[in-house]
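Trainee: task: produce atomic coordinates for the following.
(one chain, ligands or ions: 2)
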Amino acid sequence: MFGLFARKGPFTARVSPSGESIPVKAGDNLLKAALDAGLAWPHNCRVGSCGQCRSRLVSGKIKPLSDFSYVLDGADLDDGMILACQACLRSDVEIEVELDQPPVALSAAKTVSGCIAGSRQLTHDILELRVRLDEPLPHYLAGQYADISVPGVVDQPRSYSFACAPENEAAGHVSFHIRHVPNGRMTGWLHGGNRDGQKVTVSGPYGSFWLRESPAPMLCIAGGSGMAPIKALLEQVSSQGFRRKVTYIFGARTRDDLYCLDEMGAIENRGNGQFHFLPVLSREPESSGWDGLRGRCTEILSLDRFADIRDSHAYLCGPPAMIDSAVQCLTGAGLSEKNIFYDKFLDASHLSAGRA
Ligand SMILES: Cc1cc2nc3c(=O)[nH]c(=O)nc-3n(C[C@H](O)[C@H](O)[C@H](O)COP(=O)(O)OP(=O)(O)OC[C@H]3O[C@@H](n4cnc5c(N)ncnc54)[C@H](O)[C@@H]3O)c2cc1C
Ligand code: FES
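Mentor: Ligands and ions are numbered 1, 2, ... in the order given. Sure thing, here's the model as predicted:
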């Protein structure tokens, strides 16, 4: 009898070493409860793919929403590690996690309605989407992202990074860079015609990818629409007066995949020689006249110009494979993992590969 009526919440999660206690409503996962309470719990995908919300269950019972072993290894599991975004509580718990230290108090996410105010093609497969909001979203930090859904068209939300620092965004609007994913439902629809006026919902802000205050040189690496959050971060560094050296490597296949060159030029002009933008092309024909860098963006990291990698902070954004290879390269060059910050643009194919 007792088992049939086991309590499903609300419960309390005690967080160590920071000492907070947060209420967790029945049906909410631990990460959602933590973010609703304004805690800077590290996270990226919120769907059990990236592993960034990993934390240690010290005591109490949880119900896993997916199999942690696709993301956590045997040693992690033996050590009691769980994924907060995939854990509902079955009792009060104590959880150990190193919370982030954001520059300002984080705003809890909110869902607001809006409509597509316009879009423009940035490359053959990336468009800028502008959304007019019916009411403001809570304040976001450059680098964070929102979830977008299109009621009746694509109801399941997709995540997109804010493409402008908040101070550079038009009042009442938010904008995103959206790459067309072959056979993708949301991007197929957005790229498939003029969608101006379409009702959307936007939830956010989410994510732990924001600027860590430091005088350390910054090394940014992005590919494809990974440009969006890096551009937002650069706008923030620029508005702070470039108090640090910044190098930005943008990886693309050919010149047709390069974009935001004017924006990068403008930031370079304001950068007092502190900002260097380095586009690098992996598949540009030899005969094209391109006299810039060639190869994969990780290949040029070994050049002499990156003598200060070890002392840098790295900000990476884009396809998961690019990020994995950059992290390997950077740690191999002596950069500590704690100074590497990244946002992986995971999609349904990564989720399903992890869970197959
Ligand atoms: C934190 C975060 C931030 C992001 N920011 C951006 C951004 O700023 N810009 C951007 O362009 N993208 C971003 N993304 C990616 C974005 O959220 C979407 O995943 C992407 O746009 C694809 O959406 P879609 O609906 O078009 O594709 P989906 O319909 O979700 O499909 C994606 C791919 O998975 C395949 N697929 C679908 N279902 C399955 C299945 N069951 N098994 C195997 N394969 C499957 C599809 O064929 C397709 O190739 C971000 C992702 C994350 C996690
Ligand atoms: S945020 Fe939990 S696995 Fe990505």
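Trainee: just confirm F176 is within a helix.
Mentor: No. The assignment for F176, made by DSSP: H, G, I helix; E, B strand; the rest coil, is strand rather than a helix.
Trainee: that one and E96: what is the separation?
Mentor: 35 Å (CB to CB, to the nearest Å). For every residue, glycine as well, the C-beta is placed using N, CA and C.
Trainee: those two - which one has more neighbours?
Mentor: F176 (24 against 15; other CB atoms under 10 Å).
Trainee: what's opposite that one in the beta bridge?
Mentor: L129, F162 (DSSP bridges).
Trainee: tell me the pLDDT of it.
Mentor: Per-residue pLDDT puts F176 at 98.
Trainee: then D347?
Mentor: pLDDT, D347: 89.
Trainee: so which residue of the stretch 151-300 of the chain comes closest to ligand 1?
Mentor: Nearest residue of the stretch 151-300 of the chain to ligand 1, counting by CB to the nearest ligand atom: G184, 2.2 Å away.
Trainee: burial count for the spatially closest residue to that residue that is not a sequence neighbour?
Mentor: Of all residues not flanking G184 in the chain, D347 sits nearest, at 7.0 Å (CB to CB, 6 or more residues apart in numbering). When neighbours are counted by other CB under 10 Å, D347 registers 19.
Trainee: do the same with the one 3 residues further on
Mentor: Using other CB under 10 Å as the criterion, H350 is surrounded by 18 other residues.
Trainee: correct me if wrong: it contacts P319.
Mentor: No. Assessed by CB atoms under 8 Å, H350 is found out of contact with P319, at 9.5 Å.
Trainee: L35 should be in a helix, yeah?
Mentor: Yes. Under three-state DSSP, L35 sits within a helix.
Trainee: what's near enough to touch it?
Mentor: Applying CB atoms under 8 Å, 6 or more residues apart in numbering to L35 gives the contacts 41, 43, 106, 108-109, 206.
Trainee: which ones are touching the nearest residue to H191 once chain neighbours are set aside?
Mentor: Closest residue to H191 apart from its sequence neighbours, by CB to CB, 6+ apart: H180 at 4.4 Å. H180 makes contact with 125-127, 187-188, 190-191, according to CB under 8 Å, 6+ apart.
Trainee: and the helices in the stretch 101-250 of the chain?
Mentor: 185-191, 227-239 (DSSP state H, counting those that start in this stretch).
Trainee: figure out which of these is closest to ligand 2.
Mentor: Closest to ligand 2 of the helices of the stretch 101-250 of the chain, according to CB to the nearest ligand atom: helix 227-239, at 16.0 Å.
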